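Visitor: Turn this into a structure:
(2 chains)
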2 protein chains.
Amino acid sequence: MATKSDPATYIFNHTMFRIRDPKKSIEFYEKVLGMECFRQSDGPDFTNYFLGYPSGFGSKAGASKEEKGDAFTAREGVLELCHNHGTESDPTFKGYASGNDEPGRGFGHICIAVDDLQAACNRFDELGVKFKKRPEEGRMRHIAFIYDPDGYWIEIL
Amino acid sequence: MATKSDPATYIFNHTMFRIRDPKKSIEFYEKVLGMECFRQSDGPDFTNYFLGYPSGFGSKAGASKEEKGDAFTAREGVLELCHNHGTESDPTFKGYASGNDEPGRGFGHICIAVDDLQAACNRFDELGVKFKKRPEEGRMRHIAFIYDPDGYWIEIL
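Guide: The predicted model follows:
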């Protein structure tokens, strides 16, 4: 009798996009957005970094990075950043597509829910973050959009 | 005294990409992958659909769609599908970029963690899902990649 698979047990574990420079991106996602990089997976010419909010580990929020790295497939809300070695120092590298312009339209953004939109945006300003849309711009006053170091859009809700 | 924002309270709420045909995509994410579409947000020429695994609502997993739609910003693992009206019936529409080919390389994939990789893949086969990589192909035997209706890559872990 074959083993069955039950979709009710599935979880939306992670989202992956490519980054040019892990030093800049990890600093951004950790210092600006408060995530933690809890796992690094090295290939021959690339490295994947796994980040997420410690709170998403539930009772394991205070565990070591190694323990979190071992447990990360059991949670949602993980961000995988893929670094193809060398892009960070290649002057001919053209950068990655945000997915919001032609050619290459498809992917849109990731969204971070924050405690207080205006206070969060004030803090982003102090940290020198670039905005695509401030809360007071446009029709949607309850959201903002910032750029990550590669130009990906991040909705702030 | 200004309100402060504490990044430790932030959560990675959702990932958004564009879809050509909501009928096909929502059927895929609900029937094949077991998510639930719990919220629909209509704009003048687009509709955003919000999906996720009911389990990600924790104690609200059994709540009504409306209650889930109201509570969705407090959880991780939400997928937002953006439908620009008309693409589904426009013969000149060229489709969206998966993010994995030039031009438009950047975004990579989303990943769904399943209960049993081989059983899940057998079920996907029965449902007519297209594979980019079966578990037995390539070096990485513990993962597979399938395509969603727009050609986005979904890692199965």
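Visitor: ok, which stretches of chain A are strands?
Guide: Taking DSSP state E, the strands of chain A run over residues A:11-19, A:36-42, A:46-52, A:78-84, A:107-113, A:131-133, A:144-147, A:153-156.
Visitor: mind checking which of the ones you listed is nearest B:K133?
Guide: strand A:11-19 (14.5 Å; Cβ to Cβ). The C-beta positions use only the backbone N, C-alpha and C, and glycine is treated the same way.
Visitor: does the closest one come close to chain B?
Guide: Yes - using Cβ under 8 Å from any Cβ of the partner chain, strand A:11-19 reaches chain B at A:I11, A:F12, A:N13, A:H14, A:T15, A:M16, A:F17, A:R18.
Visitor: care to break chain A down by domain?
Guide: Domain assignment for chain A by the TED database gives A:12-87, A:108-156.
Visitor: So for the first one, mean pLDDT?
Guide: Spelled out, that is domain A:12-87. Taken as a whole, domain A:12-87 has an average pLDDT of 97.
Visitor: Ok, the last one next?
Guide: In this model, domain A:108-156 has a mean pLDDT of 97.
Visitor: Distance from that domain to the middle of the chain?
Guide: 14 Å (Cα atoms, centre = their mean, to the nearest Å).
Visitor: measure it end to end?
Guide: End-to-end distance for domain A:108-156, by Cα to Cα, to the nearest Å: 13 Å.
Visitor: Check whether that domain comes near chain B.
Guide: Yes - for domain A:108-156, a contact with chain B is found by Cβ under 8 Å from any Cβ, at A:108-116, A:118-120, A:122-123, A:150, A:152, A:155.
Visitor: now those residues: which count as buried?
Guide: A:G108, A:H109, A:I110, A:C111, A:I112, A:A113, A:V114, A:A120, A:R123, A:D150, A:Y152, A:E155 (16 or more other Cβ atoms under 10 Å in any protein chain shown).
Visitor: which residues pair with the third one across the strands?
Guide: Yep, that's A:I110 we're talking about. Under DSSP bridges, the beta-bridge partners of A:I110 are A:I154, B:T15.
Visitor: wait, what's in contact with it?
Guide: A:I110 sits next to A:T15, A:L79, A:Y152, A:W153, A:I154, A:E155, B:F12, B:H14, B:T15, B:M16 when contact means Cβ atoms under 8 Å, 6 or more residues apart in numbering or on different chains.
Visitor: Let me know the closest of those residues to A:G69.
Guide: Nearest member of the contacts of A:I110 to A:G69, counting by Cβ to Cβ, is A:L79, at 13.9 Å.
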